[in-house]
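# Could you work out the structure for the sequence below:
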Amino acid sequence: MAITEIPALIAQLYQIVDRLEQIVPGRKFTPDGHLVGSLGEAVAEYSYGLTLLAASFKQHDAISPEKICVQIKLTQGTSVGLSYTCDHLLVLHLDRHKGFSEVYNGSGAPVWEHISHKADHGRQRPISLVQLRKIALLSPSAPITQIRPFPALMDDDHKII
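Numbers count the residues shown, from 1 in each chain. Here you go, the predicted model:
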C-alpha cells in the first residue's frame, strides 16, 4: 500500500474543495460518504495492521491480527452512523488541520445497546463522538493495538502538519 501518498492526496483534495467553494459561494463541497469511509478503512488497515474485507461488507470492514471482526468509521463531523451491531468498533476522526485521531476503539456491544432503539433494522443510527467517548470511559474493553502512527497530513504547501 502506498500509504505515504495519502497525506499529499488529502491536501490536494482539500485544495479542490476550497476552490469549488470559492467558485460556488454558499455551497459546501465537504468530502463524505464512500470517499471518507474508504479513506478511514485504508488508514485503519495501515495503522492497526487490519486485513480489509470485501468493500461494503454488511457488518464488518476488517479482521484484526487477533482475528476480531472490526467495523471502521471515519468522520469529519461530530457523529457517526451505525446500521448493524458489530464485534469491535473503531471510530476515527479527521480534522483537516490536525489530522487523524482515535475516538473509540472497543466492543461494539455497549455502543449498539445505546443506539439500537433509534431506527429500523438496517437503517443508520447516529451516535455522537461525545457519546462514544463516554461509553469508552463507562464500558472499557480491550482495544485493537495501533501498530503505526496515523499518516501525518500536509498543509496546502505540502508541509507536514
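
# Tell me the confidence at the residue nearest the centre of the chain?
By Cα atoms, centre = their mean, the chain has its centre lying nearest to Leu74, at 1.5 Å. pLDDT for Leu74: 97.

# Go ahead and report the secondary structure state at the nearest residue to it once chain neighbours are set aside.
Among residues not flanking Leu74 along the chain, Gly40 sits closest, at 2.5 Å (Cβ to Cβ, 6 or more residues apart in numbering). Where you see a C-beta, it was placed from the backbone N, CA and C, and this is true even at glycine. At Gly40, secondary structure determined by DSSP: H, G, I helix; E, B strand; the rest coil is helix.

# Check the burial of Gly40 by counting its neighbours.
Around Gly40 there are 22 other residues, counting by other Cβ atoms under 10 Å.

# about what we covered before: so the residue nearest to the centre of the chain touches Leu94, yeah?
Yes: look at Leu74 against Leu94 with Cβ atoms under 8 Å: they come within range, at 5.9 Å.

# any common contacting residues for the two?
Both Leu74 and Leu94 are contacted by 36, 39-40, 100, under the criterion Cβ atoms under 8 Å, 6 or more residues apart in numbering.

# Burial check on Thr30, number of neighbours?
12.

# where does it land on pLDDT?
For Thr30, the predicted pLDDT is 84.

# about what we covered before: quick one: what helix or strand has the residue nearest to the centre of the chain in it?
Leu74 belongs to strand 69-75 when assigned by DSSP states H and E.

# Relative to that strand, what are the paired strands and their orientations?
strand 62-63 (antiparallel), strand 88-95 (parallel) (DSSP bridges).

# Quick one: residues in contact with the first one.
Strand 62-63 is contacted by residues 41, 44-45, 50-53, 69-70, 72 when judged by Cβ under 8 Å, 6+ apart.

# quick check, nearest of these to Arg125?
Ile72 (16.5 Å; Cβ to Cβ).

# low-scoring pLDDT stretches of the protein, where are they?
Within the chain, the ranges that satisfy pLDDT under 70 run 1, 118-122, 154-161.

# Which parts of it are helices?
6-23, 34-48, 109-115, 129-138 (DSSP state H).

# For Asp61, which of the ones you listed is the nearest?
helix 34-48 (5.4 Å).
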